[in-house]
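Asker: test case, fold it:
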Amino acid sequence: MEKYIDPKTLARVKDMPLIAKTVAEGFLHGLHSSRQRGVGIEFNQYRAYEPGDELSRIDWKLFARSDRYFVREAERESEIQVWFLLDASESMKQMSLSNQASDWNKLEYAKHLIASLSYIAQKQGDLIGLIGMSKRHLSFLPAGNGERHWQKLLRELVRIESNESFPSLDLIRNYIERLQKPSLVFVLSDFYQREDEITRVIKKLGSGLSEVVALQMVCEDEMNFNYKGAVRFKDLETHEEVLVSAGAARDSYLKALDDYQKQLKDKLLKSQINCSSVNIDQPLDYACYEYLKQRQRVSW
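Answerer: This next block holds a predicted model:
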């Protein structure tokens, strides 16, 4: 893609539907001809325009080059259900204090990413559903299709607030079992966990016919330890605090983080689940592109 949407501009816009449509439509416009089944609307082929075709399906860049109208056709195996599971624990409030471009924390970024991906899914006719997960409150929107249902999903997203910690598998088991097959399940979380509670849920999802995509929300500060001097850190879920010297702690912190990331990805890979990092300090459309590139299903 030639240009990504400035995150500072998006942060000033409070209209979630407008943001999602702007990101999704701009993202799709930059894909050109490529191939993918499932979420993403990757196009299998072009054909000549016929009366009755939607104008939105015309590739205007191709028209500018050829002076002929072509519409894009998507290859679909079958209708699928696309589920979005959102971690709404307190730790998702984290954001990069060193980044002045955006005031979004992990939860807000994840919400807007879900809004964008779900818009793409409903545009191609897939069923979309949502589960918001925290120990205090669980949100559930059954899978449905169409733009009206997408608007319901957005309203549910707005109502989700971060509370306490991630729920145990026992608390969420009934919701997970309501996910029908075949499904594509996106899990958006920071994967902050104390007893593997998040990986247990994901492994349960991956034990059936569903394809599970784990998207880990990260930020610049935590990945690069952008701190100086004496810093007081507070655990957003346990509220424990610790005062450290940033210079003295940096190397050991980065090593511990690297070890944890490797262990997390190894655990998920054993269940044939790939885990991709999503940097909340990057534009939303960049996150969409990077996700598809990692799946090696985009041809440019």
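
Asker: contacts, neighbours, all on C-alpha from now
Answerer: Noted.

Asker: need the next SSE after the helix or strand encompassing Ile131, C-terminal direction.
Answerer: When secondary structure is defined by DSSP states H and E, Ile131 falls within strand 127-133. Elements were assigned by DSSP H and E; along the chain past strand 127-133, the next helix or strand is strand 138-144.

Asker: name the residues that touch the strand holding Ile131?
Answerer: In this structure, residues lying in contact with strand 127-133 by C-alpha atoms under 8 Å, 6 or more residues apart in numbering are 79-89, 118, 121-122, 138-146, 150, 153, 157, 160, 166-167, 172, 175.

Asker: that one pairs with which strands?
Answerer: Each strand that strand 127-133 pairs with, and the sense of that pairing, follows from DSSP bridges: strand 81-87 (parallel), strand 138-144 (antiparallel).

Asker: okay, the ones you listed, which one's buried deepest?
Answerer: Looking across the strands paired with strand 127-133 with neighbours counted as mean count of other C-alpha atoms under 10 Å, the highest average goes to strand 81-87: a mean of 26.

Asker: what are the contacting residues of that one?
Answerer: Outside strand 81-87, the residues that touch it by C-alpha under 8 Å, 6+ apart are 39, 107, 110-111, 114, 118, 121, 126-134, 143, 166, 179-190.

Asker: now do stretch 219-227
Answerer: Outside stretch 219-227, the residues within contact range by C-alpha under 8 Å, 6+ apart are 95-99, 106, 246, 250, 253-254, 257, 279-281.

Asker: enumerate the positions of that stretch that are buried.
Answerer: Of the residues in stretch 219-227, those buried under the neighbour-count criterion (16 or more other C-alpha atoms under 10 Å) are Cys219, Glu220, Asp221, Phe225.

Asker: distance to Val212 for those residues - can I get that in CSV?
Answerer: Written out in CSV, the entries for the buried residues of stretch 219-227 read as follows (distance: C-alpha to C-alpha, whole Å):
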residue, distance to Val212
Cys219, 23
Glu220, 26
Asp221, 28
Phe225, 30
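
Asker: looking at the residues you listed, which is nearest Tyr69?
Answerer: Lowest distance from Tyr69 to the buried residues of stretch 219-227 (C-alpha to C-alpha) belongs to Cys219, with 42.8 Å.

Asker: which ones among the buried residues of stretch 219-227 lie within strands?
Answerer: Among these, no member falls in strands (criterion: DSSP state E).

Asker: among those residues, which are in helices?
Answerer: Judged by DSSP state H, the buried residues of stretch 219-227 include Glu220, Asp221 as members of helices.

Asker: nearest to Arg232 among the buried residues of stretch 219-227?
Answerer: Phe225 (13.1 Å).

Asker: quick one, phi psi at that closest one?
Answerer: Recorded main-chain torsions at Phe225 are phi 50, psi 60, according to degrees, to the nearest 10.

Asker: looking at the contacts of stretch 219-227, which is nearest Thr199?
Answerer: When the contacts of stretch 219-227 are compared for distance to Thr199 (C-alpha to C-alpha), Leu257 wins out at 16.8 Å.

Asker: element containing Arg65, please.
Answerer: Arg65 is located in helix 60-66, with elements delineated by DSSP H and E.

Asker: any idea how far that helix is from the chain center?
Answerer: 32 Å (C-alpha atoms, centre = their mean, to the nearest Å).

Asker: about what we covered before: which one of the strands paired with strand 127-133 lies nearest to Cys275?
Answerer: Across the strands paired with strand 127-133, the minimum distance to Cys275, taken as C-alpha to C-alpha, is reached by strand 81-87, at 14.2 Å.

Asker: check which helix or strand Leu97 maps to.
Answerer: Take DSSP H and E as the rule and Leu97 turns out to sit in neither a helix nor a strand.

Asker: what's around it, how many residues?
Answerer: 14 (other C-alpha atoms under 10 Å).

Asker: ok, now Phe166?
Answerer: Using other C-alpha under 10 Å, Phe166 has 27 neighbouring residues.

Asker: same question, Tyr286
Answerer: Other residues close to Tyr286 by other C-alpha under 10 Å number 17.

Asker: is it true that it lies in a strand?
Answerer: No. Assigned with DSSP: H, G, I helix; E, B strand; the rest coil, Tyr286 falls outside any strand and is helix.

Asker: list the buried residues of the helix holding Arg65.
Answerer: Residues of helix 60-66 classed as buried: Trp60 (neighbour count, 16+ other C-alpha under 10 Å).

Asker: top helix in this structure by residue count?
Answerer: In the chain, with assignment by DSSP H, the single longest helix is helix 246-269.
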